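K.L.:
predicted model and sequence below, questions to follow.
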Amino acid sequence: MGVDSDTLATWLAAYDQSQITIGVVASHSSLQILHGARLEGFKTLGIAVGENRRRYYRAFPGAEPDEWLMLEDYREMLDYAEWFRKRNVVIIPHGSLVEYLGSSNFRSLQVPTFGNRGILHWESSRERQRQWLEAGGCTMPKVYNDPHDIDGPVIVKYAGAKGGRGYFIARDYRDFRRNADLEGEFTIQEYALGCRYYIHFFFDPTASDGFQVQGRGSHAGQNLGRLELMSMDRRDEANVDEFYKLGSLRDLREKGLEPSFVVTGNQPVVIRESLLPRAFEMAEGTVAASFELEEGAKGMIGPFCLETIVTDQLEFKVFEISARIVAGSNPFIGGSPYSDINEPFMSTGRRIARSIKKSIAEGTLQDILS
Ligand code: AMP
């Protein structure tokens, strides 16, 4: 169950829009979101489980929430819906919120939320992501339905593997057979060899200037809104990043060691400037396709990230999309080499708050929330 637009309109009609509070679960990119909300003049609310969580925000007075909601379990947020709405709260979702609540609870949370929650359905399955990204003109790593067809290095992703734990790399079919757990449910993907770039965009459907996304299909001939490049990161992943230092994959496997892809941090990067046109082309196609995913789709709103690998042929392979703020934007709380060109100190978190502020002024809040 999601939230329909009439329900959202009813909630917003009862909101005092001059007193909006930005609410966020205290994790993931919350320092950035809280800091950005503060810079844009909003009151802020932190939602946390456990005093330890709350306490460390004292170390960051520039982001410390004005108010806290302390819970025993994040799923209690569902019961606090009215409490949130009475305080004119707009929730900013991030990966941890979706993980803590579960995607169906998140979709049915009865509180105005930044962005389009409907897009989560498309983000939450590998097959649907592929359908969406390919419709947007992105090239994805090949998928092998039959392991016998494996003709080069692959990455095997088990269903339910979290944070890249439970993935494994195989160099060929024999390697796959030796190491695969055939009982498990998995996807076999071509291992795209190259350098990783996690590209953070922001799509503002209420802006009519700048780089305008051209509509497709039922929206052909329309400008859908402004696409902005916010920043780029590369993830630190334990222990694949450091694995090579210990010897060959084969040697290490004999010792029972397998590379894992657990994100431990993020590093800022920029990409060759000549690759930017293609990056924009892929992001534009992905946004345009988001409006065609189903009839009447509200499409992408706000931040999203294309997770890519650039090969030595200077071609992008997109292996995943996140349709919300990513933690990889955290190195840029003070701005990025890209966002600084347009306005200094514009983090993605602040950009979200700016978008809410502008929509309050223009009476278009309904267009950017769900
Ligand atoms: P994911 O859970 O899809 O974000 O993947 C976790 C990590 O595995 C990524 O950050 C990459 O380092 C790596 N990875 C995923 N898919 C591929 C691929 N097709 N080729 C190479 N590396 C990949």
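P.N.:
That came through, no problem. Residues are numbered from 1 along each chain as shown.

K.L.:
count of neighbours near R107?
P.N.:
Residues near R107, counting by other C-beta atoms under 10 Å, number 19. Bear in mind the C-beta positions are built from the backbone N, C-alpha and C, glycine included.

K.L.:
now swap in the one 4 residues further on and tell me
P.N.:
For V111, the neighbour count with other C-beta under 10 Å is 20.

K.L.:
residues touching it, list them.
P.N.:
11, 23, 77, 81, 84-85, 89-91 (C-beta atoms under 8 Å, 6 or more residues apart in numbering).

K.L.:
just the ones in helices from those residues, please.
P.N.:
Judged by DSSP state H, these include 11, 81, 84-85 as members of helices.

K.L.:
what residues does the stretch 151-300 of the chain put near the ligand?
P.N.:
155, 164, 167, 189-192, 196, 235, 237, 261 (C-beta under 6 Å from any ligand atom).

K.L.:
for these, name the two members farthest from one another.
P.N.:
For those, the maximum inter-member distance is 19.5 Å, found between E190 and R235 (C-beta to C-beta).

K.L.:
now S336, nearest residue through space, not along the chain?
P.N.:
Closest residue to S336 apart from its sequence neighbours, by C-beta to C-beta, 6 or more residues apart in numbering: S231 at 3.5 Å.

K.L.:
for the strand or helix carrying that neighbour, buried residues please.
P.N.:
According to DSSP states H and E, S231 maps onto strand 223-239. Neighbour-count burial for strand 223-239, counted by 16 or more other C-beta atoms under 10 Å, picks out 224-235, 237-239.

K.L.:
can I assume R235 is in contact with P268?
P.N.:
No: R235 is beyond contact range of P268, at 11.5 Å (criterion: C-beta atoms under 8 Å).

K.L.:
count of neighbours near the closest residue to L246 other than its chain neighbours?
P.N.:
In this structure, L246 finds its nearest non-sequential neighbour in L252, 5.9 Å apart by C-beta to C-beta, 6+ apart. The local packing of L252 (other C-beta under 10 Å) involves 16 other residues.

K.L.:
try I20
P.N.:
I20 is flanked by 22 other residues according to other C-beta under 10 Å.

K.L.:
go ahead and confirm it touches V90.
P.N.:
Yes: the pair I20 / V90 is scored as a contact, 5.7 Å apart, by C-beta under 8 Å.

K.L.:
what sits in contact with each of these two?
P.N.:
Common neighbours of I20 and V90, using C-beta under 8 Å, 6+ apart, are I356.

K.L.:
before we move on, back to that, what subset of the ones in helices among the contacts of V111 is buried?
P.N.:
Neighbour-count burial (16+ other C-beta under 10 Å) is assigned, among these, to 11, 84-85.

K.L.:
ranges for the strands of the chain?
P.N.:
Along the chain, counting by DSSP state E, strands occupy 21-25, 43-49, 67-71, 89-91, 143-144, 154-158, 167-170, 186-190, 195-204, 212-214, 223-239, 261-268, 302-310, 316-322.

K.L.:
would you format the ones you listed as a markdown table with distance to S347 included?
P.N.:
Converted to a markdown table, the strands of the chain look like this (distance: least, C-beta to C-beta, whole Å):
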| stretch | distance to S347 |
| --- | --- |
| strand 21-25 | 13 |
| strand 43-49 | 14 |
| strand 67-71 | 22 |
| strand 89-91 | 17 |
| strand 143-144 | 35 |
| strand 154-158 | 31 |
| strand 167-170 | 30 |
| strand 186-190 | 32 |
| strand 195-204 | 10 |
| strand 212-214 | 22 |
| strand 223-239 | 8 |
| strand 261-268 | 12 |
| strand 302-310 | 10 |
| strand 316-322 | 16 |
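
K.L.:
any idea how far G225 lies from the ligand?
P.N.:
Distance, G225 to the ligand, by C-beta to the nearest ligand atom, to the nearest Å: 26 Å.

K.L.:
quick one, what contacts that residue?
P.N.:
203-208, 212-213, 287.

K.L.:
what's the burial count for the residue nearest to T348 when sequence neighbours are not counted?
P.N.:
Once flanking residues are discounted, T348 sits nearest to S329: 4.2 Å by C-beta to C-beta, 6+ apart. By the measure other C-beta under 10 Å, the count of residues near S329 is 29.

K.L.:
so S329 sits against S29, correct?
P.N.:
Yes: using C-beta under 8 Å, S329 makes contact with S29 at a distance of 6.3 Å.

K.L.:
shared neighbours of the two, anything?
P.N.:
Residues touching both S329 and S29 by C-beta under 8 Å, 6+ apart: 348-349.

K.L.:
quick check: which ranges of the stretch 51-200 of the chain have low pLDDT?
P.N.:
Within the stretch 51-200 of the chain, the ranges that satisfy pLDDT under 70 run 161-164.

K.L.:
which residues in it form helices?
P.N.:
Ranges of helices within the stretch 51-200 of the chain are 51-55, 81-86, 95-101, 103-108, 120-123, 126-135, 173-179, based on DSSP state H, counting those that start in this stretch.

K.L.:
can the fifth one be found next to the ligand?
P.N.:
No: among the residues of helix 120-123, none lie within reach of the ligand under C-beta under 6 Å from any ligand atom; the closest is 11.8 Å away.
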